[in-house]
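Trainee: Provided below for reference: sequence and predicted model.
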Amino acid sequence: MEHNVPLPAHTWPTLEPGWVWLCGAGPGDPGLLTMHAVNALRQADVVIYDALVQETILEWAPQAEHIYAGKRGGKPSAKQRDISLRLVDLARAGKRVLRLKGGDPFVFGRGGEEAQTLVQHDVPVRIIPGISAGIGGLAYAGIPVTHRDVNQSVTFVTGHDQSGNATGSLNWQAISDGSQVLVIYMGMKHIAHITSELLRAGRQPSEPVAVVTSATTDDQRVLETTLGSIVDDITAAGMSPPAIVCVGQSVLMRQVLDWQSQAAGIAPRNLDPLGRGRPAESA
Ligand code: SAH
């Protein structure tokens, strides 16, 4: 069979002047851009990007002006409004505007707010989903967010609210009871609070936890620990955001599915970390 055959012809949408495309850039690795994202990067006059978007991705839009709209957690929300209104101004000036956000624009990314402002100002928008860090980032660490032997549901949680405070409005008891696997975004700052809430809700100190920082980038680091040890281990390992924290038995699957280490020649540590034997071939 022939390799590297050209991709089939496909009609790609045109980014028209006056439009804003709100697009996810994925968790970091440019290979995780969608084809719609690449199509958008090739056409944009302006790319407004966030702190979490890898700068190398901007090289896919050499013709465009690149505007940094970085904002990390805890900044006043007025700035969010400035970004949204800037998008409106650029669109009204007749630019082809690409708003590029880390991961998926509608997952803890304020994309909904930006899109809402655009629509309220009669600016036409297209939404381009992206691979969210809580799914793709964990996959790069060899952790499946669902596994038939572990969970039938997964809960995505934010570790802090709009003002950067611990999320007081979250019902940790319900979250803990409702889902065997938790995927926590923006969890580093308040990790001590979050783990104590989960332990109080009845999760075990021995429960496996993984912390994946700068997932899918060259700087990716993975810490495997437990709920009881995570706070000390994060400090000892010097882990820093951005980080995804995954709580649950599926973390153990990394022992067999750490495909990046395996690609580097390191053998899997345990072929059956959940102790269930071979997965069923069918059913
Ligand atoms: N819209 C993004 C999330 C934005 S909130 C998405 O869908 O992925 C910002 C948080 O996302 C960070 O604090 C961190 O928890 C997570 N995150 C984003 N990119 C990440 C990466 N490459 N590695 C680890 N965590 C990441």
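Mentor: Okay, I see it.

Trainee: and whichever residue of the stretch 101-250 of the chain sits closest to the ligand, how far is that from residue 252?
Mentor: Residue nearest to the ligand within the stretch 101-250 of the chain (CB to the nearest ligand atom): residue 103, separated by 1.9 Å. For the C-beta atoms, the positions are set from N, CA and C on the backbone; glycine is no exception. Using CB to CB, to the nearest Å, residue 103 is found at 25 Å from residue 252.

Trainee: neighbour count: the two, which is higher?
Mentor: Taking other CB atoms under 10 Å, residue 103 and residue 252 do not tie; residue 103 has more neighbours (31 against 20).

Trainee: now the strands for the stretch 1-150 of the chain?
Mentor: Along the stretch 1-150 of the chain, counting by DSSP state E, counting those that start in this stretch, strands occupy 20-24, 46-49, 65-68, 97-101, 125-128.

Trainee: to residue 263, which of these lies closest?
Mentor: Ranking those by proximity to residue 263 (CB to CB) places strand 20-24 first, at 25.7 Å.

Trainee: what is the mean pLDDT for the closest one?
Mentor: In this model, strand 20-24 has an average pLDDT of 98.

Trainee: which residues of the stretch 151-283 of the chain lie near the ligand?
Mentor: 185, 186, 212, 213, 214, 215, 216, 217, 241, 242, 243, 244 (CB under 6 Å from any ligand atom).

Trainee: skipping adjacent residues, who's closest to the second one in space?
Mentor: Nearest residue to residue 186, sequence neighbours excluded (CB to CB, 6 or more residues apart in numbering): residue 159, at 4.4 Å.

Trainee: wait, the one you found sits on residue 184?
Mentor: Yes - under the criterion of CB atoms under 8 Å, residue 159 makes contact with residue 184 at 5.4 Å.

Trainee: touching both of the two, which residues are there?
Mentor: Jointly contacting residue 159 and residue 184 under the rule CB atoms under 8 Å, 6 or more residues apart in numbering are 194, 245.

Trainee: more neighbours, those two?
Mentor: Taking other CB under 10 Å, residue 159 and residue 184 do not tie; residue 184 has more neighbours (25 against 22).
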